[in-house]
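Novice: model this:
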Amino acid sequence: MAKKPENFDLSKVRNIGIIAHIDAGKTTTTERILYYTGMVHRIGEVHDGAATTDYMEQERERGITITSAAVTASWRGHQINVIDTPGHVDFTAEVQRSLRVLDGGVAVFDSVAGVEPQSETVWRQASEYNVPRICFVNKMDRTGANFERTVSMIVDRLHANPVPLQLPYGSGDSFAGIIDLIKMQLITYADDLGTVNEAKPIPADYLEAAEKARQEMLDKIIENDELLTEKFLMGEPISDEEVLEALRLAVIRGKIHPVLCGSALKNKGVQLMLDAVVDYLPSPLDIPPVRGINPKTEAEVERKASDDEPLAALVFKIISDKYGRLAFTRVYSGVLKGGTTVYNSTKGTNERIGRIVRMFADRREEIEEVRAGDIAAVIGLKDTFTGETLCDPANPIVLENIKFPDPVIEVAIEPNSKADQDKMAMGLKKLAEEDPTFKVEVDAALGQTKIKGMGELHLEVLVDRLMREFGVQAQVGRPRVAYRETITSTYTVDETFKRQSGGSGMYARVVIEFSPMTEEERKTANTDLLWEDAITGGAITREFARAAEKGAREAMEGGVIAGYPVVNVKARIIDGAMHEVDSNEMAFKICGSMAFKTGVKMASPVILEPSMRVEVVVPDEFTGAIVGDLASRRGIVEGMEPRGVGVTSIRASVPLAEMFGYATDLRNITQGRGNFTMEFDKYTVAPKNIAEEVIGAAR
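Specialist: Okay, here's the model as predicted:
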């Protein structure tokens with residue numbers, strides 16, 4: 001394990017994530033990074049269940065990454081903190097929280113499949129957090145590999161600005177090396193492990209294509225740099241050093257996405273990708289200072305990436321294992337030291353830092369402190385969870401939290417015995433602490449425990465962990481869709497709540513206008529109830545108006561027409577009345593709840609159902625059958641395109657309720673030759689017959 005040097009140089013730190021669609025080769029790429037940086041002495045393979053970062057039993061059995069694994073490596077004197085993220089859509093929250101704390105990313109693409117649906121999702125998430133990226137076109141050794149098509153798909157589907165810095169030398173079985181467009185040389189490999197590479201002149205039959213690609217690369221770099229553009233127009237010479245510096249600045253600003261190529265499985269191109277991480281991706285010093293809010297003054301404050309600044313750190317992931325709870329933490333400023341007391345500004349409580357460890361997948365090395373810009377895991381935090389800020393008690397700051405999508409699927413789970421019930425309660429609590437997209441709900445009326453997640457695989461893995469890690473024996477029901485309710489028209493409610501029971505009574509009156517949120521408001525609101533206080537003339541106090549809002553928000557959770565949460569509602573409280581003796585906050589809270597229920601009932605309520613973005617990749621002869629099957633599931637086909645020889649990709653939008661068990665149906669239709677991916681897209685209004693079924697089932 002790489003020890004941190006005494007003269008720790010922050011400019012030589014890289015916090016990067018490996019992001020991609022499932023099966024593009026992220027974990028294999030991470031495994032090669034560990035091998036070439038000397039962190040492991042034997043390459044572990046995903047298909048053998050031996051990959052270092054896939055250390056959970058569920059990951060090794062399924063051959064997929066489920067939880068983000070953090071590892072620390074060193075390359076050319078730089079410390080690289082690598083997070084290998086999952087590619088499966090059910091674990092998208094793992095990607096989201098990793099991107100929130102990373103400075104750069106390596107987007108891995110399968111050169112045969114090109115840009116796949118989950119690649120679009122993680123790319124969009126990275127753009128939301130302004131994470132600079134480089135692209136690694138992997139699997140160039142596979143039949144059907146097409147570098148140029150993948151680059152054009154990055155433009156078409158991701159609306160990015162890819163700039164190839166390399167070209168493949170051959171493809172498929174004839175893939176033999178990489179043409180470096182910066183140094184204009186061919187890199188080939190002398191051994192199967194890729195440890196010995198040789199630089200040679202570019203062969204004559206590839207030289208013209210390489211020179212053309214180099215000129216295109218230079219043009220794009222120059223046009224993104226004012227100084228170089230000026231030099232170019234003046235006819236002044238431009239040095240290689242100036243080009244590389246301009247390229248790095250353009251990458252950090254997100255203007256350019258360098259494209260590299262290789263085959264991680266065949267050990268080709270990974271060292272060159274590591275060079276690009278060091279050369280082009282930012283250090284913590286290259287990114288803007290982190291911003292937050294002072295909880296005492298509500299003023300915006302910022303912290304620079306410096307040990308001399310007050311401590312500001314964000315906990316982005318919790319793991320519970322046999323050694324206790326680990327809190328993965330990114331330190332933005334100051335120094336986090338073991339044995340000290342820090343302030344959790346999100347909750348307003350103090351926390352004592354126990355031990356600090358640097359993670360090496362599931363192995364760990366104890367360290368005394370974490371400096372600004374670095375990532376490590378803290379043991380011993382009792383009351384700090386994902387998205388919460390740890391800071392200097394004398395200089396409080398709350399960093400922006402991480403917003404996670406709501407669950408779209410739920411199942412009922414029932415323990416087999418009383419002993420299992422206690423173990424299940426403890427296990428579910430720990431799993432929910434780890435995973436913010438996993439929700440546990442107890443239905444008091446039915447005496448039933450429901451667990452909610454992002455998809456069938458997500459819940460399957462969590463139930464598997466519950467049974468193995470916590471020894472719970474339980475029965476799991478059929479998956480159910482997490483519907484929502486909303487309104488489609490505007491209605492104004494004048495609600496009065498009065499109660500007299502001897503002595504002082506309760507009195508509250510509110511007039512609230514309920515209306516649907518606009519598309520723009522939905523995007524920016526960050527809440528399901530957009531509340532506006534439009535009271536004039538002091539008809540009721542601000543405190544009473546806030547109590548009415550609290551009552552309305554509580555009523556939202558239980559729904560109005562079918563018991564599902566209400567979303568996308570705008571409420572304007574415009575009038576009201578209070579009694580100088582009988583009015584209190586509780587009365588206005590009850591009145592707000594009553595007004596909300598009346599308003600939703602009268603404002604043309606509808607049921608919303610989750611709609612999924614589905615991509616099915618099948619041999620051409622099954623295309624018609626698949627399109628017909630998707631239509632029978634209320635799916636809308638949005639596009640079809642060829643994917644290599646004799647294979648077609650079909651993209652469609654399909655309600656989640658119609659997609660349960662689709663994997664089996666697809667296998668049957670295509671004789672086991674088709675595969676599909678599915679991710680949550682948006683909530684849409686359910687057809688009348690479906691809505692009636694949902695409401696009838698609730699009653």
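Novice: for the stretch 201-350 of the chain, just list every one of the helices.
Specialist: In order along the chain, the stretch 201-350 of the chain carries the following helices (DSSP state H, counting those that start in this stretch): 204-223, 226-233, 240-252, 270-280.
Novice: looking at those, which is nearest to residue 22?
Specialist: Checking the helices of the stretch 201-350 of the chain against residue 22 by CB to CB gives helix 270-280 as the closest, at 19.9 Å. The way it works is simple: take the backbone N, C-alpha and C, and place the C-beta from them, glycine included.
Novice: now that closest one - C-alpha only, PDB.
Specialist: Taking Å, rounded to 0.1, in the frame of the first residue of the first chain, the C-alpha atoms of helix 270-280 are listed here in PDB:
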ATOM      1  CA  VAL A 270      -4.200   1.000 -19.700                       C
ATOM      2  CA  GLN A 271      -0.800   2.500 -18.900                       C
ATOM      3  CA  LEU A 272      -1.300   5.200 -21.500                       C
ATOM      4  CA  MET A 273      -4.700   5.900 -19.900                       C
ATOM      5  CA  LEU A 274      -3.000   6.300 -16.500                       C
ATOM      6  CA  ASP A 275      -0.600   8.800 -18.200                       C
ATOM      7  CA  ALA A 276      -3.600  10.700 -19.400                       C
ATOM      8  CA  VAL A 277      -5.200  10.700 -15.900                       C
ATOM      9  CA  VAL A 278      -2.000  12.300 -14.600                       C
ATOM     10  CA  ASP A 279      -1.500  14.700 -17.500                       C
ATOM     11  CA  TYR A 280      -5.000  15.900 -18.200                       C
END
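Novice: show me what that helix is packed against.
Specialist: If you count contacts as 3 or more CB pairs under 8 Å, 6 or more residues apart in numbering; DSSP states H and E, helix 270-280 packs onto strand 13-20, helix 26-36, strand 69-75, strand 78-84, strand 104-110, strand 133-138, helix 240-252, strand 257-261.
Novice: quick one: closest of the helices of the stretch 201-350 of the chain to residue 537.
Specialist: The stretch from these with the least distance to residue 537 (CB to CB) is helix 240-252; that distance is 53.5 Å.
Novice: what helices or strands is the closest one leaning on?
Specialist: Using 3+ CB pairs under 8 Å, 6+ apart as the contact test, the elements touching helix 240-252 are helix 204-223, helix 226-233, strand 257-261, helix 270-280.
Novice: show me what that helix is in contact with.
Specialist: Outside helix 240-252, the residues within contact range by CB atoms under 8 Å, 6 or more residues apart in numbering are 132, 134, 163, 182, 218, 221-222, 224-225, 227-228, 231, 256-258, 279-282, 286-287.
Novice: if we go to 7 Å?
Specialist: Defining contact as CB atoms under 7 Å, 6 or more residues apart in numbering, one finds that helix 240-252 is touched by 132, 134, 218, 221, 224-225, 228, 256, 258, 279-282, 286.
Novice: ok, and the most crowded of the residues you listed?
Specialist: Each of these was scored by neighbours using other CB atoms under 10 Å; the highest score is residue 256's, at 28 neighbours.
Novice: and the residue nearest to that residue when sequence neighbours are not counted, how many neighbours?
Specialist: What sits nearest to residue 256 in space, not counting adjacent residues and going by CB to CB, 6 or more residues apart in numbering, is residue 250, at 4.1 Å. Other residues near residue 250 come to 23 when the count uses other CB under 10 Å.
Novice: model confidence score at residue 250, please.
Specialist: As summarised for this prediction, residue 250 has a pLDDT of 96.
Novice: residue 627 looks like it's in a helix, true?
Specialist: Yes - using DSSP: H, G, I helix; E, B strand; the rest coil, the assignment for residue 627 is a helix.
Novice: distance of it from residue 675?
Specialist: When distance is defined by CB to CB, to the nearest Å, residue 627 is 16 Å away from residue 675.
Novice: between these two, tell me which one has more neighbours.
Specialist: residue 627 (18 against 14).
Novice: how about that one, nearest residue that isn't a chain neighbour?
Specialist: With CB to CB, 6+ apart, the residue lying closest to residue 627 is residue 637, at 5.8 Å.
Novice: specify the local secondary structure of the one you found.
Specialist: Secondary structure of residue 637, per three-state DSSP, is strand.
Novice: gap between it and residue 605?
Specialist: Separation of residue 637 from residue 605 (CB to CB) stands at 30 Å.
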